[in-house]
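Novice: no sequence for this one, just the structure:
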């Protein structure tokens, strides 16, 4: 950030009065431009014993598999975001269930939330950001080709809980940046 | 938002290629400035059968009571945010427990998260943003003077679960804007 989005003047990093952190502050109008973590929301769409994955048509991690997920938008709820992302990336309709994982990823200032969900029908196809969309049973999951660690962690917890016969909410942190993934 | 924070030119609301929503887009350098929901994190610090509340020294809701809570910062986890806010607003040290409530507030594009927490000692006092800090038993809670609906909802769920003898994670939505609170 170099310029004030309110008045167009240059910004400087300053600690505002009563604050403890450096903020981008306008030298002219005084606006303080806070930067805060972003929320990514996804779903585990279930159809009988299989779940739906999407193969990414965009960077990062082009060609790798993921759950339908993306940045939460203003004016929606986390559950609405999960349903919207599933519709956008897999053209699939779901009934959103319980929040299943919430994973902090502080080194990229993101919080990833994944819901359990029931796929309502088999009328799905790749959205603009997907190369292909398919259903996988547990032994078919392409573990070595999952796009993001928060997705593989959510999938591991899902199959662990399913084997145990009871699903619970999982809060986790992924703190160390890996060598080659976000 | 009127100016591009990257180059200082004016921005216009446009739907970028492959997107479905209007975004502030720079007419000069093409930067797209996304705006996303913010996360507010707080704690319910417990000491025996009482919990700690802070009376707000700042707007909005100056003079009203709240749990220690505030905007999550970049590079921290939700649990770290809960401990930091409790230290800042009540000068109190806590051991953060389980995530207790996650409440969507879509009309202000916020997600509020409240943790259970154990107050580690009685050495607390008002921080810069608090007028006073005090411990309350359930029958002492100033229900009519709680600052925010997400806080009173979290407190209600807390005492309900405590009476039942078991605490679980609660996901809720507050969708209708009230007449005079955020």
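Specialist: Looks like it came in fine. No experiment lies behind these values; they were computed from the predicted model shown.
Novice: Report the separation between the residue most central in space within chain A and residue B:168.
Specialist: Ranked by distance to the mean C-alpha position of chain A (Cα atoms, centre = their mean), the top residue is residue A:40 at 2.9 Å. Separation of residue A:40 from residue B:168 (Cβ to Cβ, to the nearest Å): 24 Å. For every residue, glycine as well, the C-beta is placed using N, CA and C.
Novice: do the same with residue A:22
Specialist: Taking Cβ to Cβ, one finds residue A:22 at 39 Å from residue B:168.
Novice: Residue A:11 too?
Specialist: Here residue A:11 is placed at a distance of 44 Å from residue B:168 (Cβ to Cβ).
Novice: now do residue A:130
Specialist: 35 Å.
Novice: For residue A:11 and residue B:168, indicate the residue with more neighbours.
Specialist: Set residue A:11 next to residue B:168 and count neighbours by other Cβ atoms under 10 Å in any protein chain shown: residue A:11 wins out with 22 against 11.
Novice: returning to what we had before: the host helix or strand of the residue nearest to the centre of chain A pairs with which strands?
Specialist: Using DSSP states H and E, residue A:40 sits in strand A:38-47. Taking DSSP bridges as the criterion, strand A:38-47 forms sheet pairs with strand A:50-56 (antiparallel), strand A:69-71 (antiparallel), strand A:110-119 (parallel).
Novice: average pLDDT across that strand?
Specialist: Across strand A:38-47, the average pLDDT comes to 98.
Novice: With stretch A:113-131 instead?
Specialist: Stretch A:113-131 carries an average pLDDT of 97.
Novice: what's the first-to-last distance across that stretch?
Specialist: End-to-end distance for stretch A:113-131: 23 Å, by Cα to Cα, to the nearest Å.
Novice: just stretch A:139-150 next, same as before
Specialist: Stretch A:139-150: ends 19 Å apart by Cα to Cα.
Novice: Show me what that stretch is in contact with.
Specialist: Under the contact criterion Cβ atoms under 8 Å, 6 or more residues apart in numbering or on different chains, stretch A:139-150 has outside partners A:40, A:50, A:53, A:56, A:60-61, A:63-66, A:101, A:103, A:105, A:112, A:114, A:136, A:152, A:155, A:174, A:178, A:181-182.
Novice: same thing but at 6 Å, please
Specialist: With Cβ atoms under 6 Å, 6 or more residues apart in numbering or on different chains as the contact definition, stretch A:139-150 has outside contacts at A:56, A:61, A:64-66, A:103, A:112, A:152, A:174.
Novice: Could you say which helix or strand holds residue A:166?
Specialist: Residue A:166 belongs to no helix or strand when assigned by DSSP H and E.
Novice: And it, how far from residue A:98?
Specialist: Counting by Cβ to Cβ - residue A:166 and residue A:98 are separated by 12 Å.
Novice: which of these two has more neighbours?
Specialist: The neighbour count for residue A:166 versus residue A:98, taken as other Cβ under 10 Å, is higher for residue A:98 (13 against 7).
Novice: Mind pulling the model confidence for the more buried one?
Specialist: 98.
Novice: ok, and the closest non-adjacent residue to it?
Specialist: residue A:116 (5.5 Å; Cβ to Cβ, 6 or more residues apart in numbering or on different chains).
Novice: Show me chain A divided up by domain.
Specialist: Using automatic domain parsing, the domain ranges for chain A come out as A:1-35, A:38-173.
Novice: If you count neighbours, what's buried in the first one?
Specialist: Meaning domain A:1-35. Within domain A:1-35, the residues scored as buried using 16 or more other Cβ atoms under 10 Å in any protein chain shown are A:3-9, A:11, A:23-26.
Novice: Chain A against chain B: which residues are in contact?
Specialist: Neighbours of chain B within chain A, by Cβ under 6 Å from any Cβ of the partner chain: A:1, A:3, A:5, A:8, A:18, A:35-39, A:71-72, A:74-78, A:99, A:104, A:106, A:109, A:128, A:169, A:171, A:173.
Novice: Can you say which of those residues are buried?
Specialist: Of the residues of chain A next to chain B, these count as buried by 16+ other Cβ under 10 Å: A:3, A:5, A:8, A:37-39, A:72, A:76-78, A:99, A:104, A:106, A:109, A:169, A:171.
Novice: Mind checking which of the residues you listed land in helices?
Specialist: residue A:78 (DSSP state H).
Novice: And the buried ones among the residues of chain A next to chain B, which two are furthest apart?
Specialist: Spatially, the most separated pair among those is A:8 and A:169, at 44.9 Å (Cβ to Cβ).
Novice: export the buried residues of domain A:1-35 to JSON lines and tack on pLDDT?
Specialist: Output for those, formatted as JSON lines (pLDDT from 0 to 100):
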{"residue": "A:3", "pLDDT": "94"}
{"residue": "A:4", "pLDDT": "95"}
{"residue": "A:5", "pLDDT": "94"}
{"residue": "A:6", "pLDDT": "93"}
{"residue": "A:7", "pLDDT": "93"}
{"residue": "A:8", "pLDDT": "92"}
{"residue": "A:9", "pLDDT": "94"}
{"residue": "A:11", "pLDDT": "94"}
{"residue": "A:23", "pLDDT": "94"}
{"residue": "A:24", "pLDDT": "93"}
{"residue": "A:25", "pLDDT": "95"}
{"residue": "A:26", "pLDDT": "94"}
